[in-house]
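Chemist: this one's sequence-less:
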């Protein structure tokens, strides 16, 4: 079983729709949770960053973390064609260990149709 | 502009011909790493470096080498490339500590024939 599971999609929605992207994980030591956005032929860019459980909102984007269920979500409101990209979840622990290594999901490909 | 640069962006080579992919960052970051990205497997860490002259293996280090002689540079070396190393490679950097954003380079698409 992978440490982080993410539905690869593709997910196709009409412009203006609310998009929900999700990841589940198995390691209860994860404390930092991130969402990266990756456009075609580009490197991933950090979109949202949350620590422990709770919600974080930034414009049209909301990140949710439910540590009791080991489940994280990214919601996109009023989705736009420019949101079409691959979305990767990532997470790491806080044990101050040698790497604080980021563990990535495989990514969900999102297409927002105009 | 704060950035991570990689060169080359695209490379087609043949089995066994040594190659180096360069990576450079201008943000004075201590931590640098290399990933490969493959369909269905996501991003997997190859090697990482916590500072100059400090490197260690990631999850898939076989067939790769790295060096960190200067803080800003972290080249990835394939001594004898094989077709299973055909992939999209990303270099990344960040400040030390867990709550720091990781910045990625634009990627290098490598094809080994």
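Modeler: Looks like it came in fine. Bear in mind that the values here come from a model prediction, so they are computed numbers and not experimental data.
Chemist: Return the residues of chain A in contact with chain B.
Modeler: Counting by CB under 8 Å from any CB of the partner chain, chain A comes close to chain B at A:6, A:8, A:31-32, A:41-46, A:49, A:51, A:88, A:92-94, A:96, A:98-102, A:104-107. In short, each C-beta sits where N, CA and C put it, glycine included.
Chemist: Now list the buried members of the residues you listed.
Modeler: The neighbour count (16 or more other CB atoms under 10 Å in any protein chain shown) marks A:6, A:31-32, A:43-44, A:49, A:88, A:92-93, A:100-102, A:104-107 as buried among the residues of chain A next to chain B.
Chemist: Nearest to residue B:61 among the residues you listed?
Modeler: Closest approach to residue B:61 among these (CB to CB): residue A:101, at 13.1 Å.
Chemist: who's in contact with the closest one?
Modeler: A:92, B:45, B:48, B:58 (CB atoms under 8 Å, 6 or more residues apart in numbering or on different chains).
Chemist: So what's the residue count around residue B:65?
Modeler: Per other CB atoms under 10 Å in any protein chain shown, the neighbour tally for residue B:65 reads 14.
Chemist: shouldn't residue A:56 be in contact with residue A:34?
Modeler: No. Using CB atoms under 8 Å, residue A:56 makes no contact with residue A:34, being 10.7 Å away.
Chemist: Neighbour count: those two, which is higher?
Modeler: A side-by-side neighbour count of residue A:56 and residue A:34, using other CB under 10 Å, places residue A:34 first with 22 against 15.
Chemist: quick one: that one and residue A:104 touch, right?
Modeler: No. Between residue A:34 and residue A:104 there is no contact under CB under 8 Å: 9.1 Å.
Chemist: what residues are shared contacts of the two?
Modeler: Jointly contacting residue A:34 and residue A:104 under the rule CB under 8 Å, 6+ apart are A:89, A:90.
Chemist: Now do the contacts for residue A:12.
Modeler: By CB under 8 Å, 6+ apart, the contact set of residue A:12 is A:110, A:111, A:112, A:113.
Chemist: Could you rerun that using 7 Å?
Modeler: Applying CB atoms under 7 Å, 6 or more residues apart in numbering or on different chains, we find residue A:12 in contact with A:111, A:113.
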